[in-house]
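Participant: Need a 3D model of the sequence below.
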Amino acid sequence: MRQPTSDSTAPHGEVVRREPVERGPGASHSASGGRWRWVGAAGLIAGLGVVAIHDPNQSGSYGLCPLNALTGLDCPFCGGLRGTHALLNGDISRALDHNLLLPVFLGGLVALVVLAWRQSPLLQRDGTSSGRSRPRITQIVVWGFVAATVVFWVLRNLPYFPYLDARA
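Facilitator: Numbering: from 1, shown residues only. Purely as a prediction, here's the structure:
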């Protein structure tokens, strides 16, 4: 995006013409925005490190699922923490046994984090010739996750699919 040129007056009264500056896709962000990305990445890595080291299979280690404690139903994320722990320790089959939707959740999260980190144009709206903008890929992905989560939640609580429950 080209910035408009502007004229300014130097201290001795001469007019100085500034040349337009080409800015890249990430140039409009402040320097503090870049720092927050690193802080977020460090927080995510630290959180994953805690989950990898501290076993959530120990009773009361991370607390209870409020929905499961009140209703006895498994929420769509029940078993996700134990599954992430198993996955970070290399036990893929146990991770899938805790929550079968875990790879979809983690894969989608990783994809969105990478796209956001790289400031991908897929995450931005763009105008079309008709004047309307197409929906952002994030909106499509989020609604896809919501639909998959609701379907998984219903199916895992039906008695016909005992292998989907979080009790492993």
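Participant: tell me the mean pLDDT for the helix or strand Val51 falls within?
Facilitator: Val51 belongs to helix 31-53 when elements are defined using DSSP states H and E. Averaged across helix 31-53, the pLDDT comes to 83.
Participant: What residues sit buried inside whatever helix or strand comes next after it?
Facilitator: Using DSSP H and E, the helix or strand that follows helix 31-53 towards the C-terminus is helix 66-71. The neighbour-count check on helix 66-71 (16 or more other Cβ atoms under 10 Å) flags nothing as buried. Using the backbone N, CA and C atoms, a C-beta is placed for each residue, glycine as well.
Participant: Report the rounded mean pLDDT for helix 66-71.
Facilitator: What helix 66-71 shows for mean pLDDT is 88.
Participant: what's the answer for stretch 100-112, then?
Facilitator: 82.
Participant: repeat for stretch 88-97
Facilitator: Looking at stretch 88-97 alone, the average pLDDT works out to 89.
Participant: 347 is where my numbering starts, stick with that
Facilitator: Sure, I'll start counting at 347 from here, so that last one is stretch 434-443.
Participant: Cheers, nothing more for now.
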